[in-house]
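>>> okay, here's the prediction I keep looking at, along with the sequence it came from:
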Amino acid sequence: MTVFSNIKSAGEVFWFGNTLILIKTSSRAGQDGLCVIEHWMPYGDSPPMHVHRNEDELFFILEGEVRFIVDGQEKVGRVGDSLLAPKGLPHSYCVESRDGARMLTVTRGADFENMLRLSSRPAQRFELPTRSAPTPEVIDALVATCATNGIDIVGTPLQPKTF
């Protein structure tokens with residue numbers, strides 16, 4: 001069984017790069033702007049190193065193993081672990097488990113959610129999209145969308161560690 005056999009729909013579902021995301025609680029739902037997003041990610045998936053100007057980002061690992069780097073410090077998250085990436089600190093992660101990973105991301109505010117909405121496409125199926133490398137145009141669009149939503153790209157994605 002892989003983490004992708006546990007996918008259940010209960011919210012808005014999008015493909016963001018090579019991942020499937022489910023907006024479980026939109027920042028628009030409550031007065032505090034709390035946002036909860038569930039992510040299904042394949043092995044090796046990693047966003048570029050980035051900084052959130054306005055929002056802390058809390059990760060909670062539901063399945064798999066994910067290696068994080070926050071402000072130069074490395075930590076491996078496993079099922080049940082949580083990790084905070086405070087606003088203003090550069091961070092990224094890389095999915096290290098061969099079967100992929102599933103995690104929740106929690107933010108307070110709309111920046112991260114808005115960036116995802118603008119950079120994603122509606123999922124055609126409740127499964128991972130066909131894996132592909134981003135084109136230079138897609139990368140440029142993501143950098144611009146991030147910048148207008150309080151997120152600065154400051155480095156490249158992480159590479160999985162070899163086994």
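Now that the structure is in, tell me what you want to look at.

>>> quick one, strands of the chain?
With DSSP state E as the criterion, the chain has strands at 12-16, 19-25, 34-41, 48-52, 57-63, 66-70, 73-77, 82-85, 91-95, 101-108, 121-122, 151-157.

>>> the third one pairs with which strands, and in what direction?
Within its sheet, and counting by DSSP bridges, strand 34-41 is paired with strand 19-25 (antiparallel), strand 101-108 (antiparallel).

>>> dump the ones you listed to JSON lines, plus distance to G155, mean neighbour count and mean pLDDT.
The C-beta positions use only the backbone N, C-alpha and C, and glycine is treated the same way. Formatted as JSON lines, the strands paired with strand 34-41 follow (distance: least, CB to CB, whole Å; neighbours: other CB atoms under 10 Å; pLDDT from 0 to 100):
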{"stretch": "strand 19-25", "distance to G155": "19", "mean neighbour count": "20", "mean pLDDT": "97"}
{"stretch": "strand 101-108", "distance to G155": "19", "mean neighbour count": "21", "mean pLDDT": "98"}
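
>>> rebuild those as JSON lines, extending it with distance to A123.
Listed next are the strands paired with strand 34-41 as JSON lines, based on distance: least, CB to CB, whole Å:
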{"stretch": "strand 19-25", "distance to A123": "6"}
{"stretch": "strand 101-108", "distance to A123": "15"}
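
>>> which residues touch L128?
With contact taken as CB atoms under 8 Å, 6 or more residues apart in numbering, L128 is in contact with 4, 15, 18-20, 40, 42, 100.
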